[in-house]
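S.K.: A structural model of the following input is requested.
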Amino acid sequence: MKLYGIANCDTVKKARVWLENNGVQFEFHDFKKHGVTQALLESWLKQVSWGELVNRKGITWRKLSDEEKARVKDDASAIALMLEKTSVIKRPVLELNHKICLGFDETHYRSLFGK
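M.R.: Just a heads-up that it's a prediction; the model follows:
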């Protein structure tokens with residue numbers, strides 16, 4: 001199991017603490033340190049839409065110009081943006097048994113791990 005995100009993101013911190021406190025072993029992949037690949041993003045986009053994976057409520061998205069935002073209209077353009085600005089990816093991304101879960105919700109995590 002792997003948890004993707006950015007170490008200083010509050011939501012990622014909450015997910016990491018919850019996993020650790022509940023004895024769930026995981027590997028953490030920091031987008032800022034290790035980046036993200038096109039192949040990984042493509043695999044995620046087979047499970048969720050680009051509109052779900054791109055965090056349009058976050059600071060990174062809000063700082064984009066209207067032109068930059070308008071260019072994001074499909075998987076290819078969303079991937080290009082996420083490769084350039086990994087902070088725009090919804091966090092955390094939990095990858096478990098080849099399926100992903102976006103964001104952190106304690107109730108959902110409890111159901112995933114039977115806690």
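
S.K.: residue ranges of the strands in this protein, please?
M.R.: Counting by DSSP state E, the chain has strands at residues 2-5, 27-30, 93-96, 99-102.

S.K.: What strands flank the last one, and is each parallel or antiparallel?
M.R.: Within its sheet, and counting by DSSP bridges, strand 99-102 is paired with strand 93-96 (antiparallel).

S.K.: what's the average pLDDT for the partner strand?
M.R.: Average pLDDT, strand 93-96: 96.

S.K.: Show residues contacting that strand.
M.R.: By C-beta atoms under 8 Å, 6 or more residues apart in numbering, the residues outside strand 93-96 that reach it are M1, K2, L3, Y4, G5, A15, W44, I100, C101, L102, Y109, L112. No exception for glycine: its C-beta is placed from N, CA and C like everyone else's.

S.K.: Name the residues of it that are buried.
M.R.: For strand 93-96, a neighbour-count test (16 or more other C-beta atoms under 10 Å) marks V93, L94, E95 as buried.
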